[in-house]
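# model the following, please.
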Amino acid sequence: MTRSLIALLLAVGTLVAQNAPPEGFTPLFNGRNLDGWRGRPHLDPRKEAAVSAEQRAALQANWDQDMRKHWRVENAQLVNNGKGVFLTTAREYGDFELRLDYKTVAKADSGIYLRYCPQVQIWDTTKAGGKWNRGADKGSGGLWNNQKHPRFPLHVADRPFGKWNHLRIRMIGSRVSVWMNDLFIVDDAIMENYFDRKAPVSARGAIQLQTHGGEIRFRNLFLRTIEAEEANRTLAQRDAKKFRSVFNGRSFDGWAGPLDNYVIVDGAMKCKPGKGGTIYTKAEYEDFVARIEFKLPPGGNNGLAIRYPGKGDTAYVGMCELQVLDNTDKKFARLKEWQYHGSVYGMVPAHRGFLRPVGTWNFQEVTIRGSTIRVELNGNIILDADLGKIDKPISGHGHQGRTRTRGHFGFAGHNDPVMYRNVKIRKL
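Predicted coordinates for the structure are as follows:
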């Protein structure tokens, strides 16, 4: 066997080894060329979506030309010279786990955009890099563009220049966890939407490899889609020991109200079709966090009763009713903004687009402190409001119960077979 053939076989073996995905993962990079990727700059995805198909095609042609100028494939590695557009996956993703290796040089500054949003930070963390005043001494891997939520990693895990670093990134909703070189450095932090601080990160989007300031190399890029069941389990693990179950999945012990209008099926309580009324915990709560999983049928309508007094319409006599609604159904085509899922009925609209498909279990967390209420749906904060500051509810009704400081937690049935399970509460 000639030396040249041996060298070729070794090179092929190295390429295969470097691009062999772990079990359950698929490669984002084939190790040979830029197939599956496109060029794209730092850009608000809403602006890209707003242009016509013709304009988008012209923009993409220019971006791809720039990509080919500054990105190349070398030894099964993606290599950028520190300039140009970002390398962007052609596909978009929802919840996922991403694994990759990177190697960069002194003075470089880069990152990983998640669903088009900046970014998991990569930079020169040495004092000589000149960015300690911006937090580079805290290490790479943090959500550097955050303002309200944690932005720096828990530990410095960077390896010296010339060494490969390994990143493992998990994103469920807007919640991001990061492991760097096997050290856990970002703990389920909310990634803020850089392009719209009032809204969550988009439910789906591409992954971008950012570059500026110096050469960076990537290899072994693998991704695994996280399905709803796993996402729900993961979201429920955060502070799990602080929550107490208030529904045992077998009976309505500890509950009151028109219980005959509900039935228990496979460990979940389900409103009977054509029935309704508000069922509620016998216990009352002041400040608390409630966690639930719910599943909507097509056109399903129900609600969460917050600080309910035990009788009357919780939307008005309770602190509020939080909408639980399949607002994708045609029969709800003309909803008012405060009627969509997660909204405080009649008072505060929630952000849309974060429900899972009908028939899939959703995970929701509701936090009540004083007169404030925060709703997190599938890892996304879709509502954060202070009802005590609302003088004139937008529904035009009084909603006199909005200042209640104590009451029951429950479900306000509206004739549809909406299901609930894993109902847990943490007192604050």
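# for the spatially closest residue to P258 that is not a sequence neighbour, helix, strand, or coil?
Here the nearest residue to P258 in space, its sequence neighbours aside, is G277; by C-beta to C-beta, 6 or more residues apart in numbering that works out to 3.8 Å. All C-beta spots, glycine's among them, are computed from the backbone N, C-alpha and C. Using DSSP: H, G, I helix; E, B strand; the rest coil, the structure places G277 in strand.
# count of residues packed around G277?
Neighbour count for G277, taken as other C-beta atoms under 10 Å: 17.
# so it makes contact with H414?
No: G277 lies out of contact with H414 (C-beta atoms under 8 Å); the separation is 9.3 Å.
# R421: which element?
For R421, the enclosing helix or strand under DSSP states H and E is strand 419-427.
# contact partners of that strand?
With contacts defined as C-beta atoms under 8 Å, 6 or more residues apart in numbering, strand 419-427 is touched by 236, 239, 242-247, 249, 265, 267-271, 281, 285-295, 361, 409, 411.
# list the buried residues for it?
Residues of strand 419-427 classed as buried: M419, Y420, R421, N422, V423, K424, I425, R426 (neighbour count, 16 or more other C-beta atoms under 10 Å).
# figure out how far it is from the centre of its chain.
Relative to its chain's centre, strand 419-427 lies at 20 Å (C-alpha atoms, centre = their mean, to the nearest Å).
# and it, which strands flank it?
Next to strand 419-427 in the sheet, as set by DSSP bridges, lie strand 244-245 (antiparallel), strand 268-271 (antiparallel), strand 288-295 (antiparallel).
# who's in contact with the first one?
Same thing as strand 244-245. For strand 244-245, the surrounding residues in contact (C-beta under 8 Å, 6+ apart) are N422, V423, K424, I425, R426.
# mind redoing it with 10 Å?
With C-beta atoms under 10 Å, 6 or more residues apart in numbering as the test, strand 244-245 has contacts from G254, A283, R291, N422, V423, K424, I425, R426, K427.
# run a quick neighbour tally on S251.
Per other C-beta under 10 Å, the neighbour tally for S251 reads 11.
# ok, now I368?
Neighbours of I368 under the rule other C-beta under 10 Å: 23.
# just confirm it is within a strand.
Yes: judged by three-state DSSP, I368 forms part of a strand.
# can you give me every residue that contacts the spatially most central residue of the chain?
Closest residue to the average C-alpha location of the chain: G173 at 1.3 Å, with C-alpha atoms, centre = their mean. Neighbour list for G173: 94-95, 190-191, 200-201, 203, 231, 235, 354, 363, 376-382 [criterion: C-beta under 10 Å, 6+ apart].
# wait, what's in contact with L355?
203, 294, 296, 324-328, 340-342, 362, 364, 377-378, 382.
# got phi/psi on it?
phi -70, psi 150 (degrees, to the nearest 10).
# could you do the one 10 residues further on as well?
Backbone dihedrals for E365, given as degrees, to the nearest 10, come out at phi -130, psi 130.
# wait, it sits on I292?
Yes: in this structure, E365 is within contact of I292 by C-beta atoms under 10 Å, at 8.1 Å.
# overlap of the contact sets of G277 and H414?
Common neighbours of G277 and H414 (C-beta under 10 Å, 6+ apart) are C271.
# what's the domain layout of the chain?
For the chain, automatic domain parsing gives the domain ranges 21-226, 232-427.
# on that earlier part again, most neighbours, which of the contacts of L355?
H341 (30 neighbours).
# could you measure from that one over to A350?
Distance check for H341 against A350: by C-beta to C-beta, to the nearest Å, it reads 7 Å.
# now swap in K392 and tell me
19 Å.
# give me the more crowded residue out of the two.
Comparing K392 with A350 by other C-beta under 10 Å, the one with more neighbours is A350, at 24 against 10.
# quick check: closest non-adjacent residue to the more buried one.
Using C-beta to C-beta, 6+ apart, the nearest residue to A350 is G342, at 3.4 Å.
# cool, E48 as well?
Spatial nearest neighbour of E48, chain neighbours left out: R56 (6.8 Å); criterion: C-beta to C-beta, 6+ apart.
# so what's the predicted local confidence for the one you found?
Listed pLDDT for R56 reads 95.
# mind listing what's buried along the lengthiest helix in the chain?
Counting residues, the longest helix in the chain under DSSP state H turns out to be helix 53-70. Of all the residues in helix 53-70, those buried under the rule 16+ other C-beta under 10 Å are L59, W63, D64, D66, M67, H70.
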